[in-house]
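J.: Here is my input; please provide its structure:
(2 chains)
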Amino acid sequence: SQKIEQNSEALNIQEGKTATLTCNYTNYSPAYLQWYRQDPGRGPVFLLLIRENEKEKRKERLKVTFDTTLKQSLFHITASQPADSATYLCALVDQTGANNLFFGTGTRLTVIP
Amino acid sequence: DAGVIQSPRHEVTEMGQEVTLRCKPISGHDYLFWYRQTMMRGLELLIYFNNNVPIDDSGMPEDRFSAKMPNASFSTLKIQPSEPRDSAVYFCASSSYGAGTDTQYFGPGTRLTVL
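T.: As a prediction, this is how the structure comes out:
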């Protein structure tokens, strides 16, 4: 069956450290993979998109990697801050070409001051 | 632009009642998506529209669910009759070019509780 698994439900990290979140997928052939941030009581907010033929994408303190052999994407936040505390969702679009965006269940990140 | 607008923000109803959720997408966006989020299943796509036409409704759980988009600036998701298992947060999202290469902009969601 198809699955998108994010490494853990919750991750606590000390301020200033690098947070690394994992997204593993099974029985998908992603054309694109996206990462979203969701705060309590709000809708997800788009952060980064990476294509299947890209290995790495950066945006300010954020970095995403995509390994189609391992079927995994890693999401890094460097120099983490308490304001980075939120739930992070990975989502992918399969190569079937449909517009369906399939989401993982998310990792709740808490950055401790 | 005010972003994607959803109403109501909270809805509490009794089992068997009809529920209508509303969405106004960002002006100029050709795609509109309806999602449901629960603790158990996460965020799931229910249906999406392109230029007001329903393209894929395979995520709609049952015939009790229906969605319409009568014009480019308005969509509804209706549940009739509602059941307690429909309790969830329902999100509407819109984008210019579809889910793949384009950013989806999500509304604040409607928290539905069916008693």
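J.: Specify the local secondary structure of B:Thr20.
T.: Classification of B:Thr20 by DSSP: H, G, I helix; E, B strand; the rest coil places it in strand.
J.: Quick check: nearest residue in space to it, chain neighbours excluded?
T.: Nearest residue to B:Thr20, sequence neighbours excluded (Cβ to Cβ, 6 or more residues apart in numbering or on different chains): B:Lys78, at 5.0 Å. Where you see a C-beta, it was placed from the backbone N, CA and C, and this is true even at glycine.
J.: which element is the one you found on?
T.: If you go by DSSP states H and E, B:Lys78 is part of strand B:74-79.
J.: Packing partners of that strand?
T.: Under the contact definition 3 or more Cβ pairs under 8 Å, 6 or more residues apart in numbering or on different chains; DSSP states H and E, strand B:74-79 sits against strand B:19-24, strand B:31-38, strand B:42-50, strand B:65-71, strand B:88-95.
J.: returning to what we had before: give me the pLDDT for the residue nearest to B:Thr20.
T.: Predicted confidence (pLDDT) for B:Lys78: 98.
J.: Could you tell me which ranges of chain B sit under the pLDDT cut-off?
T.: Scanning chain B with the threshold set as pLDDT under 70 gives B:1, B:99-101.
J.: Just the buried residues of the strand holding B:Lys78, please?
T.: By neighbour count with 16 or more other Cβ atoms under 10 Å in any protein chain shown, strand B:74-79 contains the buried residues B:Ser75, B:Leu77, B:Ile79.
J.: So what sits opposite the second one in the bridge?
T.: Under DSSP bridges, the beta-bridge partners of B:Leu77 are B:Leu21, B:Ala67.
J.: wait, what's in contact with it?
T.: By Cβ atoms under 8 Å, 6 or more residues apart in numbering or on different chains, B:Leu77 lies in contact with B:Thr20, B:Leu21, B:Cys23, B:Trp34, B:Leu46, B:Ile47, B:Phe65, B:Ser66, B:Ala67, B:Tyr90, B:Cys92.
J.: List the contacts of the residue positioned nearest the centre of chain B.
T.: Nearest to the mean C-alpha position of chain B, counting by Cα atoms, centre = their mean, stands B:Trp34 at 3.1 Å. With contact taken as Cβ under 8 Å, 6+ apart, B:Trp34 is in contact with B:Cys23, B:Leu45, B:Leu46, B:Ile47, B:Tyr48, B:Ala67, B:Ser75, B:Leu77, B:Tyr90, B:Phe91, B:Cys92.
J.: A:Ala83 in helix, strand or coil?
T.: Per three-state DSSP, A:Ala83 ends up helix.
J.: how about the nearest residue to the residue in chain A that chain B sits nearest to, chain neighbours excluded?
T.: Among the residues of chain A, A:Gly43 lies nearest to chain B; the distance is 3.0 Å by Cβ to the nearest Cβ. Excluding the flanking residues, the one nearest A:Gly43 by Cβ to Cβ, 6+ apart is B:Phe106, at 3.0 Å.
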